[in-house]
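Student: no sequence for this one, just the structure:
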Ligand SMILES: [Zn+2]
């Protein structure tokens, strides 16, 4: 009898502690990592996209609808990045779900004056790859802490302390990254997709061209030929690529131009050792610094 009462009590405690957690879904793993940093044991967080995927094109699996059905909060990047999200949210029919657009408060780059989707532009409201400037992490942390406080005011001071602590950690890491890449400011690079303008602005890399003729449009032989000519003319020696593209075209260009191909983590969890925001930028900055120094990239 005692045993039964004890196990009943244990399950009651378990149930009540689970019930107290805020259920969070994020579109990107980068946002999930920041939610965990702020929410700690008071949040249960799932990211829809995985770190090695293309954030523009995520397969909307029914299991994500199930996650959204029971979620309290959904954090997204916004700016039209997650075109795959709407059918999932509609399918979940969750009236209590609060959606937080993390692009709010972020200074945007490449905002077009007119939108023409027929041109294949998947960056309709400006470049959406805002999470690749570590300084924008501070803005995300503010949005995340505000939403968690609204959802669970009893823990407001806990969320606030975590927000401040992580923000500070990010700030000091950022000054280390800036110092590492400072000697190479002004270096011209070619990138596969136009994922790196925020990263480039932060660290002084000049994006001189892209393998994709337009965001979301696969490279064509004629475009690659023009790119090769430009790289030879301008002596561009670095090609940055996201992990989710084939390296066939980048390697071909590298052979033609003598440039190096560097595969960067474009989201948290893209590679081993990139499991939170600071680890991801550490990985990318170190790899880049090594390549720019003239060493062989890993
Ligand atoms: Zn994009």
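Tutor: Arrived safely. No experiment lies behind these values; they were computed from the predicted model shown. Residues are numbered from 1 along each chain as shown.
Student: tell me where the model's unsure across the protein.
Tutor: 1-19, 115-120, 295-298 (pLDDT under 70).
Student: can you tell me which residue is spatially central in it?
Tutor: The chain has residue 267 as the residue nearest its centroid, 4.3 Å off, counting by CA atoms, centre = their mean.
Student: please report how far it lies from residue 66.
Tutor: To residue 66, residue 267 is 23 Å away according to CB to CB, to the nearest Å. The way it works is simple: take the backbone N, C-alpha and C, and place the C-beta from them, glycine included.
Student: what do you get for residue 269?
Tutor: 21 Å.
Student: ok, residue 39 next?
Tutor: Residue 39 is 21 Å from residue 66, by CB to CB.
Student: with residue 255 instead?
Tutor: Taken as CB to CB, the span from residue 255 to residue 66 is 47 Å.
Student: coming back round to it: which one's more surrounded, residue 269 and residue 66?
Tutor: residue 269 (23 against 13; other CB atoms under 10 Å).
Student: for that one, what are its contacts?
Tutor: Contact partners of residue 269, counting by CB atoms under 8 Å, 6 or more residues apart in numbering, are 29, 50-52, 275, 280.
Student: just those residues now: which is nearest residue 168?
Tutor: residue 280 (18.1 Å; CB to CB).
Student: got the phi/psi numbers for that closest one?
Tutor: Torsion angles at residue 280 (phi, psi; degrees, to the nearest 10) stand at phi -70, psi -50.
Student: ranges for the strands of the protein?
Tutor: 22-26, 43-47, 73-76, 98-101, 188-191, 206-210, 238-241, 260-263 (DSSP state E).
Student: pairing partners for the first one, with directions?
Tutor: Listed by DSSP bridges, the sheet partners of strand 22-26 and their directions read strand 43-47 (parallel), strand 73-76 (parallel).
Student: tell me which of the ones you listed sits most buried.
Tutor: strand 73-76 (a mean of 24; mean count of other CB atoms under 10 Å).
Student: so what's the residue count around the closest residue to residue 129 other than its chain neighbours?
Tutor: Spatial nearest neighbour of residue 129, excluding adjacent residues (CB to CB, 6 or more residues apart in numbering): residue 195 at 4.6 Å. Look at residue 195: counted by other CB under 10 Å, it has 26 neighbours.
Student: the stretch 101-250 of the chain: helices as residue ranges?
Tutor: For the stretch 101-250 of the chain, applying DSSP state H, counting those that start in this stretch gives helices covering 136-151, 156-181, 197-203, 221-234, 248-257.
Student: test my guess that residue 251 contacts residue 259.
Tutor: No - Residue 251 is not in contact with residue 259 according to CB atoms under 8 Å; the separation is 10.1 Å.
Student: neighbour count for those two, which is higher?
Tutor: residue 259 (21 against 13).
Student: how about the contacts made by the more buried one?
Tutor: Contact partners of residue 259, counting by CB under 8 Å, 6+ apart, are 190, 231, 236-239, 253.
Student: and it, how far from residue 193?
Tutor: 17 Å.
Student: hang on, residue 231 packs against residue 211?
Tutor: No - checked against CB under 8 Å, the pair residue 231 and residue 211 is beyond contact range at 11.0 Å.
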